[in-house]
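Student: could you look at this predicted model? Sequence included:
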Amino acid sequence: MLLDFNLKQILKELKAKGKPLPKEYLDLGLAFWLINPDEKDYSPENLSRRYLHEGFDPLAGGFSKLFQFAEKKLKGYKLEKLFHEVEMPLVEILADMELAGIKLDLKHLKDLDKKLEKQLTELAKDVYKKTKNTFNLNSPKQLGDILFNKLKIDLGGVKKTRGGAISTDVDTLLTIKDRHPVVPLILEYRELFKLHSTYVRPLQELADANGRVHTTYIQTGTATGRLSSQNPNLQNIPAVGEWAKEVRKAFIAEKGFKLAALDYSQIELRILASLSSDPNMMEAFNNDVDIHKLTASQVFKVPLEKVTPDMRRLAKTLNFGVSYGMGANAFAKTSGLSVAEAKKFIQDYFANFKKVREWQEETKAQARQQGFVTNLNGRRRLTLEASSMYSREAGEAERAAINMPVQGLAADILKMAMVKIQEEFKGNKDVRLLLTIHDELLFEIKENKVLEAVKEIKKIMESAYELEVPIRVEAKTGVNWGELTNLK
DNA sequence: CGCATACGCGCC
DNA sequence: AAACGGCGCGTTTGCG
């Protein structure tokens, strides 16, 4: 039995050298992450410091002693199954995904790069002209000074930052966009600069000799059970808007292959329906009704046919917000309603989904009383601040507490599906899992195998876990990530 | 000079 | 005045 930290890295190195993998291995960092996922650092040095007060010196006894210590805790917390059957098998899967990487259309990126640079130069020039000033457009401080001190734009409705400065974020710029002709230019500059500096430019630099980029997944990177991705982060590639589409078009399939994206439809809301056993919400999913539309019809008290796109959009915000514990203030801000109206909508929402509120209240009580919450698989997270005397702190912990069982189970379901998919397609060179984006898996599949493989993957994903409502997966395919089309 | 922080923003 | 859960990253700015 090989016990170590960073086993993914070890496996990657062995694979790269064509050497055989150890028969049995366990990752200690992962074990300790399951025990307490809120630690930032899962190195042996830090764990030693962290657990010293329990009369234990991990470094003294070596990794074997350390694992004995972890094993006891995993057992006590009923986390062994998650550890041995989900997280550990995932290590090699992630290693393979990282080694595979995803192919980039470097020519497309270069063209995009040029277009963005040209646009940015023009926009900046225009901004300097309209403000009669030359300054660093990327400095919120300088920008705020120009907009509100030099141009004396009205401050009505403009908020302050944490540090007390006048905010220049998108929300602020949108509220003042009709107060001065330069503001829309700044909004556009912001959008394009972000795309260029965060995506288009770095991606080109990170591509290997075959034009593929290799992310690194951090398996101990979140407190809820999700994965995170870094260097580059391929879980936050732009998805909305025309420019975003151009960026996504740069992610392509190898010659002879196609990309296939399979994503869980409304997985978190399905989980919420299931956990709360809310009859109303369960019925929607059992009957395959559009949940946002249904919510709209109930909150607005109109028949389904009378739901307008605006009503649906509002209901969608409500549906998402509720699982995060959103209050009237935040809902008002994101929906454009007044706080009073927002409050009313949230009330109506919970009147319709009574059991959802009950479940949330029970979970918050648990968080306060036991100091931790768990999801259906035993995945746990400490919630010590839930009983804080500071209401802001307690509120934050409560919101995290009601979110974790939902987000954490969604993460588990995806991970369990990944493990099953790997078992099914082990050694199959025609089907490669490339990326995971929380509720979505992106594959590269040999052209003539796409239909067959996608059908099988979809089946596995939809049956990876049994909820009280059906789980649905949508599949899309195409030659690049920006132009995928539905596959049914 | 390097480093940490503030700010802002991309995704689910 | 008042944070909506989970992340990673680029740029600016101020500090040692």
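Tutor: In hand now; what should we look at?
Student: per-domain residue ranges of chain A.
Tutor: As given by automatic domain parsing, the domain ranges for chain A are A:2-100, A:103-213, A:242-267+A:413-486, A:270-407.
Student: nearest to A:Gln219, out of those?
Tutor: If you check each of these against A:Gln219 by C-beta to C-beta, domain A:2-100 wins as the nearest, at 6.1 Å. All C-beta atoms are positioned from the backbone trio N, CA, C, and that covers glycine.
Student: just give the number of residues close to the nearest residue to A:Thr383 once chain neighbours are set aside.
Tutor: Spatially, and ignoring its direct neighbours in sequence, A:Thr383 is nearest to A:Ala367 (3.8 Å; C-beta to C-beta, 6 or more residues apart in numbering). Using other C-beta atoms under 10 Å, the number of residues around A:Ala367 comes to 26.
Student: which bits of the stretch 151-300 of chain A sit near DNA strand B?
Tutor: A:161-165, A:167-173, A:190-191, A:194-195, A:198, A:233, A:235-241, A:244 (C-beta under 7 Å from any atom of the strand).
Student: filter those to the buried ones?
Tutor: A:Ser167, A:Thr168, A:Thr172, A:Leu173, A:Arg190, A:Glu191, A:Leu195, A:Thr198, A:Gln235, A:Ile237, A:Pro238, A:Ala244 (16 or more other C-beta atoms under 10 Å).
Student: relative to A:Asp4, which of those residues is nearest.
Tutor: A:Gln235 (26.2 Å).
Student: is the closest residue to the closest one other than its chain neighbours in a helix, a strand, or coil?
Tutor: Nearest non-adjacent residue to A:Gln235, counting by C-beta to C-beta, 6+ apart: A:Ser229, 4.4 Å away. Three-state call for A:Ser229 (DSSP: H, G, I helix; E, B strand; the rest coil): strand.
Student: again with the one 4 residues further on
Tutor: In three-state terms, and counting by three-state DSSP, A:Asn233 is coil.
Student: quick one: residues contacting the residue of the stretch 1-150 of chain A found nearest DNA strand C.
Tutor: Nearest residue of the stretch 1-150 of chain A to DNA strand C: A:Ser139, at 3.2 Å (C-beta to the nearest atom of the strand). Going by C-beta atoms under 8 Å, 6 or more residues apart in numbering, A:Ser139 touches no other residue.
Student: the lowest-mean-pLDDT helix or strand in chain A: how far from the chain's middle?
Tutor: Counting by mean pLDDT, DSSP states H and E, chain A has its least confident helix or strand at helix A:44-51, which shows a mean of 80. Centroid separation for helix A:44-51 versus its chain: 29 Å, with C-alpha atoms, centre = their mean, to the nearest Å.
Student: could you look up the next helix or strand downstream of it?
Tutor: For helix A:44-51, the following helix or strand on the C-terminal side (DSSP states H and E) is helix A:58-76.
Student: packing partners for the next helix or strand after that next one?
Tutor: With elements assigned by DSSP H and E, the helix or strand that comes after helix A:58-76 is helix A:80-81. Secondary-structure packing of helix A:80-81 (3 or more C-beta pairs under 8 Å, 6 or more residues apart in numbering; DSSP states H and E): no helix or strand packs against it.
Student: ends of stretch A:376-389, what's the gap?
Tutor: 29 Å (C-alpha to C-alpha, to the nearest Å).
Student: now do that stretch: distance to the chain's middle.
Tutor: 20 Å.
Student: then stretch A:66-86?
Tutor: Worked out by C-alpha atoms, centre = their mean, stretch A:66-86 lies 26 Å from the chain centre.
Student: no more questions from me, cheers.
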